[in-house]
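*Asks:* build the 3D model from these lines:
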Amino acid sequence: MNHPAATATHDHTTRYTCPMHPEVTSDQPGRCPECGMFLVDADAAPATHQHGHGRQNGHAQQHDTHDKGTWLCPMHPEVTSDHPGRCPKCGMFLQPADGGDAPAAQHHDHQHPTGEPAVVAGAVAAGDWTCPMHPEVRSDGPGDCPICGMALERVSAGLDDGPNQELVDMRRRFRVAAVLSVPLVAMVMVPMVLGRALPGSVAPWLELALSTPVVWWAGWPFFVRGAKSVVSRHLNMFTLVSLGVGAAWLYSVVAVLAPGLFPSGMRAMDGRVGTYFEAAAVIITLVLLGQVLELRARDQTSGAIRTLLDLSPATAHRIGADGTETDVPAAELQLGDRCRVRPGEKVPADGTVVDGHAYVDESMITGEPVPVDKSPGDRVIGGTIIQGGSLVVEATGLGADSTLARIVDLVSQAQRSRAPIQGLVDKISAVFVPVVIAVALATFGLWLAIGPQPRLPFAIVAAVSVLIIACPCALGLATPMSIMVGVGRGAGEGVLVKNAEALERLQKVDTLVVDKTGTLTQGRPSLVDQQGVDGHEDARTLLLAAAVEAGSEHPLARAVVDAARQTGRTVPAASDFAAHPGGGVSATVDGQHVLVGSPTFLGSQHVDTHALDAVVEAYRRRGATAIVVAVDGRPASVLAIADPLKATTAGAIEDLRRRGMKVVMLTGDNATTARAIADELRIDQVVADVLPDQKHGHVQALQAQGHTVVMAGDGVNDAPALAVADVGVAMGTGTDVAIESADVTLLGGDLAALVKARDLSVDTMRNIRQNLVFAFVYNVVGIPLAAGALYPAFGWLLSPVIAAAAMALSSVSVITNSLRLRRHR
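*Replies:* The predicted structure is shown next:
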């Protein structure tokens, strides 16, 4: 049956050809009569061919296309072309060699045959479908993976997705197959009940009638996928199933229709030849059962995303310009709209509190169980729940720009990413099915040559068992299923992992480099003490300092400004403001030149601060940062600013040290203040007086010493260090730049979540190794057993039915083991 090739526009001059057989041409889109591949525009056909006429000048063609080719195959990068088209080896669509995106119209209108998955680079549309084992495969709709044959699933789950149609279809086929297989098996296995009650000439025909719809209707998707795998040259599990079942059923049909073709030694007293209709039917039934169980289990791996999507409220109480409230769908909110949120209700969108006071439960986002106090000016996250109060929120983040949408997108991308350990599995999977087919052929030949009589039935049983028991899916699912569940669990605990590679590396880290402000501390410094110098009034000096610091974005500057405003006095205006990174700030206030900064900075500005050394040192020993204010070149006051430690910091540091991690603190604070905090937290190493642009150098120095480093920070100045670290961890309370540079984001903003992230990494990698060991052992042991390795010693030969049951349960076992990751240790 021909399917139309999806082409955007055509005219009467358009010619189509087959990428694998260029001698085949047509005026109309369709399939190649030689290999079944979709025909493509002759002008877009690949320049490199390994068949037909293209082989005459193969070397020259390959040389030319490598020199000037701009399109290549993601599975076979040696295949290049000057034009878009299909790979002649595997049939996949060629992609831009520079990694760019192909034009959207080309991918969706020109190159997508109906129902045929395509590999598309770049961003993924919301409705795209992908393969969990091969995330590079993309399709506009449901279908089968052209590489492994598995059913595609949505890239990102949605609330309105409805039932899984693949699961519905497989469940229906399984029920029909089971109903027909039960009497079929009963006829063969319980002759006392049914077999002897039927005339010998009737039983084989009844078995044929019962098995045919099971094999060719219920099992039809497996034969389709098997055929596709041969056409695309990506042999998979369905290749083996279709070969095994097809061979058993066809052998049985010949035995019923033409028993005389078989040697007399294979015929019974009544002239009948033994058949395997029940084996073919039961194999299909068991494989269908395995598919149903697998699809149900795979649905559960998307539970984390569905849970996040469920957080979005359906309605919002929008406040009009006249103050009246109207209930509207949350999806209709616009930026700037104001909404009232009452106790027990969900915040309808990201926003800023403009009125009211309440405690907000953010545990579903951050993983932190303690409600957060919110008042005017504070940010709230859509989907969080109001407790004990009421708020008026102005919407600032909607739709794809909301925190919830970004989290869902990040989780979805991370779940589809590939861990480095998958590389070994890919190499094995690439040769697995061809090796199994070779083993099955060798098994058939050996039994036929040296097996006991009747040799042909023994050879068929052994070969079919080998084909059926092998399960490449168990091997292929071992890593991606664990990654999907692990990333989902992390999202539920307030840990967002950017990709699987970061999750794998995190288990190997032995050194934590941590910034102090906002990471170890709350990131909200406050003025805790002030001492005037030479009779300067504290209140006046504080106002002068605040006037200068108002032009700075440093956290310490905000502490000074907030303290001045709390006095109720007006902060004067400043002019000629200048910032000196890592040192301090200066400006002119009411005609006076004011400097605010560290003693070292003031010294560089020719201000003598030696008389203040004792005061400064006393503040530092208390863990506070000492800031000196100078007016017209003379010291006027010393401000003590402290940033309280987060309540979870000490426990988190201790937990990480127990897990064998060395902790290094980098800070711009002086050595005395830094040491005071380090002693309180029992931190192993402190590097003080570090300028913002020096942090990444310290990380690189640790890496040069052989350490695997995880860097945790929250500020813009942490971004270079986060990027260079083996694993960068950003606090969810930090800047967008820091979060963008990081591999992991802790939504709760404290190091306790880093302990969870480390444990998650260890658990996930352990789970992957368990899956791989099971998959390897299953295949290494199962295939020889199916081939009859125990027959010479024990006379025991594995039934194809038992082989089918084992194969069906193997991939389900891998997924079930992966789902264990959802439970906490």
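*Asks:* give me the low-pLDDT residue ranges for the stretch 651-800 of the chain?
*Replies:* Counting by pLDDT under 70, the stretch 651-800 of the chain shows low-confidence ranges at 692, 715-717, 733-741.
*Asks:* quick one: the helices in it?
*Replies:* Along the stretch 651-800 of the chain, the stretches classed as helices by DSSP state H, counting those that start in this stretch are 671-681, 695-704, 719-724, 736-741, 752-787, 791-794, 800-819.
*Asks:* could you do the stretch 501-650 of the chain as well?
*Replies:* Going by DSSP H, counting those that start in this stretch, the stretch 501-650 of the chain shows helices at 538-549, 555-565, 599-604, 613-621, 649-658.
*Asks:* which stretch among those helices comes nearest V485?
*Replies:* Distances from V485 to each of the helices of the stretch 501-650 of the chain were compared using C-beta to C-beta; the shortest belongs to helix 649-658, at 23.2 Å. To be clear about C-beta, it is placed using only N, CA and C from the backbone, and glycine gets the same treatment.
*Asks:* which residues does the closest one contact?
*Replies:* For helix 649-658, the surrounding residues in contact (C-beta atoms under 8 Å, 6 or more residues apart in numbering) are 512, 520-521, 663, 680-684, 750-752, 754-755, 758.
*Asks:* ok, so of the residues you listed, who is nearest P348?
*Replies:* For P348, the nearest member of these is D750. The distance, counting by C-beta to C-beta, is 27.0 Å.
*Asks:* quick one, phi psi at that closest one?
*Replies:* In terms of degrees, to the nearest 10, the main-chain angles of D750 are phi -140, psi 160.
*Asks:* neighbours of A502, how many?
*Replies:* Counted with other C-beta atoms under 10 Å, residues neighbouring A502 total 22.
*Asks:* cool, the one 10 residues further on as well?
*Replies:* By other C-beta under 10 Å, 27 other residues sit near L512.
*Asks:* quick check: the residue located most distally from the centre of the chain vs L542, distance?
*Replies:* Relative to the centre of the chain, and counting by C-alpha atoms, centre = their mean, the farthest-placed residue is G535 at 62.8 Å. For G535, the distance to L542 (C-beta to C-beta, to the nearest Å) stands at 15 Å.
*Asks:* show me which pair in the contacts of helix 649-658 is furthest apart.
*Replies:* E680 and R758 (22.4 Å).
*Asks:* which parts of the stretch 351-500 of the chain are helices?
*Replies:* Secondary structure of the stretch 351-500 of the chain (DSSP H, counting those that start in this stretch): helices located at 363-366, 403-416, 422-450, 455-469, 472-492, 500-506.
*Asks:* for P599, find the nearest of these.
*Replies:* Nearest to P599, of those and by C-beta to C-beta, is helix 363-366 at 38.5 Å.
*Asks:* helices or strands next to the closest one in the packing?
*Replies:* With contacts defined as 3 or more C-beta pairs under 8 Å, 6 or more residues apart in numbering; DSSP states H and E, helix 363-366 has these neighbours: helix 403-416.
*Asks:* ok and the helix it packs on relative to helix 472-492, angle-wise?
*Replies:* Computed by axes from the mean of the first three to the mean of the last three C-alpha atoms, to 10 degrees, the angle separating helix 403-416 from helix 472-492 equals 150 degrees.
*Asks:* contacts only, for M807.
*Replies:* M237, L286, V287, G290, I468, I469, A470, C471.
*Asks:* ok, back up a step: among the helices of the stretch 351-500 of the chain, which is nearest S252?
*Replies:* Once those are compared by C-beta to C-beta, helix 455-469 is nearest, at 9.7 Å.
*Asks:* neighbours of the closest residue to L506 other than its chain neighbours, how many?
*Replies:* Setting aside the residues directly before and after it, L506 is nearest to S761 in space (C-beta to C-beta, 6 or more residues apart in numbering), at 3.7 Å. Look at S761: counted by other C-beta under 10 Å, it has 24 neighbours.
*Asks:* distance of S761 from V664?
*Replies:* For S761, the distance to V664 under the criterion C-beta to C-beta works out to 20 Å.
*Asks:* what of W249?
*Replies:* As defined by C-beta to C-beta, W249 lies at a distance of 67 Å from V664.
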